[in-house]
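Novice: Please work out how this folds:
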Amino acid sequence: MVCTLGDSQASGMNEEDLLRRATEERDNIVSRYARGREEGAPIDPWEDPGFEIYHATDRYGFIHDNRLPQKADPHELRLRQVEMEREKKWLKMLKAWGQMSTTEKLRRRIYKGIPNSLRGQAWSQLLNIKTVKEAQEGK
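Specialist: Predicted coordinates:
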């Protein structure tokens, strides 16, 4: 929240008090950084990598109610394997994009899912971004 002079007068703090408070807060932050992770250093829970919320986020950054398992289950491993196989196929298809003879294969692969790591490249090709950029050069 940005504190204006009107806000500070309403809360009973003048500009000098606000500046002193800001200086104290800044000094506190700097001293915490200087101490680092030494024993006994005060750490807010959200600053600690061991904080529980960091263990409840999946690979996409979604937060889950329960702690996620340390090891992936067989189903998860199989899904990753399938995604890697799809990635290989998509890489091959993207390299030969201009030579594609069938759109049915492309349609099937899109419905099965574009691998996360190749979505940007795939959409760039699907939307023909290079040609659009060249057509709009200088606009």
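Novice: how about low-confidence regions in this protein?
Specialist: Residue ranges of the chain with pLDDT under 70: 1-11, 37-38, 40-42, 44-56, 64-65, 67-70, 100-101.
Novice: Nearest residue to the middle of it?
Specialist: Residue closest to the average C-alpha location in the chain (CA atoms, centre = their mean): residue 61, at 6.5 Å.
Novice: and that residue, helix, strand or coil?
Specialist: Three-state assignment for residue 61 (DSSP: H, G, I helix; E, B strand; the rest coil): coil.
Novice: you'd agree residue 109 is up against residue 90?
Specialist: Yes: Residue 109 lies in contact with residue 90 (CB atoms under 8 Å); the separation is 6.9 Å. The C-beta positions use only the backbone N, C-alpha and C, and glycine is treated the same way.
Novice: Between these two, tell me which one has more neighbours.
Specialist: With neighbours defined as other CB atoms under 10 Å, residue 109 and residue 90 compare such that residue 90 has more, 20 against 16.
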